[in-house]
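Engineer: Show me how the following folds:
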Amino acid sequence: MEKYQHEQYEYARRRIKQKKRLYFHFVLLLLGSFFLFISNKFFGIDVDSDRYIWGITIWLFIFILHFIKVYITDRFMNKDWEREQIDRLVTLQQKKIDQLETKINEESSI
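Structural biologist: Next up is the predicted model:
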């Protein structure tokens with residue numbers, strides 16, 4: 001397998017693992033929320049308090065952050081994006097170095 005194909009395979013494997021964890025997190029959120037709701041409403045655990053709602057809300061917020069990381073951040077800011085940014089910065093640096101060398105050569109010839 002060529003290096004590029006191997007990188008593509010590893011990227012695909014890593015993305016599938018991320019999505020699998022996200023789906024597991026979602027199922028865990030649903031089951032946990034259901035358990036908290038049932039324990040509060042039907043078993044009378046901590047009836048006077050709505051702390052279970054805060055727990056579910058915080059858990060949902062963490063799930064949303066996880067979702068953003070998997071589907072937005074990691075999707076667009078992957079290895080290809082990093083390479084493009086590095087190449088762009090190296091090109092800019094080389095251009096500035098060339099300009100400085102040209103300027104130094106012009107000044108030294110005067």
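Engineer: what's the next secondary structure element after the helix or strand of the chain with the lowest mean pLDDT?
Structural biologist: Every helix and strand of the chain was ranked by mean pLDDT, DSSP states H and E. The lowest is helix 74-76, at a mean of 76. Counting by DSSP states H and E, the next helix or strand C-terminal to helix 74-76 is helix 79-109.
Engineer: how far out from the middle of the chain is that following helix?
Structural biologist: For helix 79-109, the separation from the chain centroid amounts to 30 Å (computed by Cα atoms, centre = their mean, to the nearest Å).
Engineer: ok, now stretch 50-64?
Structural biologist: With Cα atoms, centre = their mean, you get 21 Å for stretch 50-64.
Engineer: how about the CA coordinates for it, as PDB?
Structural biologist: Extracted in PDB, the C-alpha atoms of stretch 50-64 (Å, rounded to 0.1, in the frame of the first residue of the first chain):
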ATOM      1  CA  ASP A  50     -35.300  19.500  39.500                       C
ATOM      2  CA  ARG A  51     -31.600  18.700  39.600                       C
ATOM      3  CA  TYR A  52     -32.100  15.900  37.100                       C
ATOM      4  CA  ILE A  53     -33.000  18.600  34.500                       C
ATOM      5  CA  TRP A  54     -29.700  20.400  35.200                       C
ATOM      6  CA  GLY A  55     -27.900  17.100  34.800                       C
ATOM      7  CA  ILE A  56     -29.500  16.300  31.500                       C
ATOM      8  CA  THR A  57     -28.900  19.900  30.300                       C
ATOM      9  CA  ILE A  58     -25.200  19.800  31.100                       C
ATOM     10  CA  TRP A  59     -24.900  16.300  29.600                       C
ATOM     11  CA  LEU A  60     -26.700  17.600  26.400                       C
ATOM     12  CA  PHE A  61     -24.300  20.500  26.200                       C
ATOM     13  CA  ILE A  62     -21.300  18.100  26.400                       C
ATOM     14  CA  PHE A  63     -22.900  16.000  23.700                       C
ATOM     15  CA  ILE A  64     -23.300  19.100  21.500                       C
END
